[in-house]
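Trainee: Provide a 3D model corresponding to the input given below.
(chains A, B, C and D)
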Number of protein chains: 2
Amino acid sequence: MVTEPVSESDAGVLAQSFKALSDPVRLRLLSLIAARAGQEVCVCDLLDAFTQTAPTISHHLKVLRDAGLITGERRASWVYYRVVPAALSALSQLLDASAMTPRQTPA
Amino acid sequence: MVTEPVSESDAGVLAQSFKALSDPVRLRLLSLIAARAGQEVCVCDLLDAFTQTAPTISHHLKVLRDAGLITGERRASWVYYRVVPAALSALSQLLDASAMTPRQTPA
DNA sequence: CGTTGAGTTTGACGGATGTCGAATCCGATG
DNA sequence: CATCGGATTCGACATCCGTCAAACTCAACG
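Mentor: Numbers count the residues shown, from 1 in each chain, chains lettered A, B, ... in the order given. The predicted structure is shown next:
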């Protein structure tokens, strides 16, 4: 991002990723899922942490899923969610490049 | 984020930061400003890269400013913008922690 | 001190978004 | 196969958000 401005087309998909993170409920959802790094969390566990209804939580999970930040798998009656490390890492690196201080001069 | 879930109050301010990044125009604006790491960019330069009108760009710059991601300073007739590395770095690290793979087991 | 140019603020409008209740789907269990 | 519980989808509604035109602010310049 610091070496070359984000292209007009890239900006669209990136903005969509960040939009998925731009809601307090979704941020906490992702946080709760990420806190079980490697493991999984079922929706029923997540619901306890929120006051919003199940349809709302389900909606937010879908947004995170559509953005590619988490994946969900159904087993028996329950659906388990997991984070997608690569997706979060990509966003992290983008911001890291932007945060480059003048001190860290490129070669 | 991976060690401890984001608190309910933190989620609000963090979501606001990500919301600032959740628009293609703002993402490109930040990118163009970040591309001049350490230096400054005046609004007039930025305007050339977009089809939207000056008020719209000004609005987006305000959103980025209110989120603490950039700072603006008026000198003579022009306003110059700069990135705030610490703010971007903080968000970057948050996502980096979330992206931790099972491989990278903490001590 | 009127004018010009850079940038922001205001007001309005259309589209997107978060939320809920009701309905639906899908496995499991009796 | 009827029922139940977990989870998603649908439909509706209020609010938020991106966008522009018009009006305004501020500094430089004649």
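
Trainee: report the mean confidence score over stretch A:37-47.
Mentor: Average pLDDT, stretch A:37-47: 90.

Trainee: swap that for stretch A:6-25, please
Mentor: Averaging pLDDT along stretch A:6-25 yields 94.

Trainee: what about the strands in chain A?
Mentor: Secondary structure of chain A (DSSP state E): strands at A:41-42, A:70-75, A:78-83.

Trainee: excluding covalently adjacent residues, which one is nearest to the residue sitting nearest the centre point of chain A?
Mentor: The centroid of chain A falls nearest to residue A:69 when counting by CA atoms, centre = their mean (4.0 Å). Leaving out its chain neighbours, the residue that sits closest to residue A:69 by CB to CB, 6 or more residues apart in numbering or on different chains is residue A:87, at 5.1 Å. Where C-beta positions appear, they are placed from N, C-alpha and C, glycine not excepted.

Trainee: what residues are up against the one you found?
Mentor: Residue A:87 is in contact with A:17, A:67-69, B:99, counting by CB atoms under 8 Å, 6 or more residues apart in numbering or on different chains.

Trainee: do you know how far it is from residue B:67?
Mentor: Relative to residue B:67, residue A:87 is positioned 22 Å away (CB to CB, to the nearest Å).

Trainee: and what of residue A:43?
Mentor: Remark: distance between residue A:43 and residue B:67 (CB to CB) = 31 Å.

Trainee: more neighbours, the two?
Mentor: residue B:67 (20 against 16; other CB atoms under 10 Å in any protein chain shown).

Trainee: that one contacts residue B:16, doesn't it?
Mentor: Yes. Using CB atoms under 8 Å, residue B:67 is in contact with residue B:16, at 6.1 Å.
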